[in-house]
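The sequence isn't on hand, but the structure is:
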């Protein structure tokens, strides 16, 4: 992994263990990362929340990176233990 590392903690209530994102990885090209993981057998979680644009399991989240002055495109999947993981690409 290259570049800076950010660590975010947030309190989550009313969500079962493993149902909130456990860790997220920032990628430069989310379309390529999703395609590569799919080719390796990873199944992405559906994201269906009103107000968010979703295309090919990738959700667009405007203004999600206020520290960077940008939004994000993200995709979610589970590890072998059932924990929810994420990929994210900042959008300018």
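The structure has been received and is ready for your questions. Here the structure is a predicted model, which is why all the values come from computation and not from measurement.

mind listing the strands for the chain?
Under the criterion DSSP state E, strands of the chain are mapped to 21-26, 53-55, 58-65, 70-78, 84-91.

can you pull the buried residues of the longest one?
Put plainly, it is strand 70-78. 71, 72, 73, 74, 75, 76, 77 (16 or more other Cβ atoms under 10 Å). All C-beta atoms are positioned from the backbone trio N, CA, C, and that covers glycine.

and the fourth one, what does it touch?
What it means is residue 74. Listed by Cβ atoms under 8 Å, 6 or more residues apart in numbering, the contact partners of residue 74 are 24, 30, 47, 58, 59, 61, 64, 86, 87, 88, 89.

okay, now the residue lying closest to the fifth one once chain neighbours are set aside: neighbour count?
Leaving aside its chain neighbours, residue 59 sits nearest to residue 47 (4.5 Å; criterion: Cβ to Cβ, 6 or more residues apart in numbering). Using other Cβ atoms under 10 Å, residue 47 has 14 other residues around it.

quick revisit: and which of the contacts of residue 74 is nearest to residue 40?
The nearest member of those to residue 40, counting by Cβ to Cβ, is residue 87 at 13.3 Å.

which stretches of this structure have low pLDDT?
Where the chain drops to pLDDT under 70, the residues are 1-12, 14-21, 64-69.

still on that earlier bit, take the strands of the chain and write them to TSV, including distance to residue 39.
Output for the strands of the chain, formatted as TSV (distance: least, Cβ to Cβ, whole Å):
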stretch	distance to residue 39
strand 21-26	17
strand 53-55	19
strand 58-65	16
strand 70-78	13
strand 84-91	14
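
That concludes my questions; thank you for your assistance.
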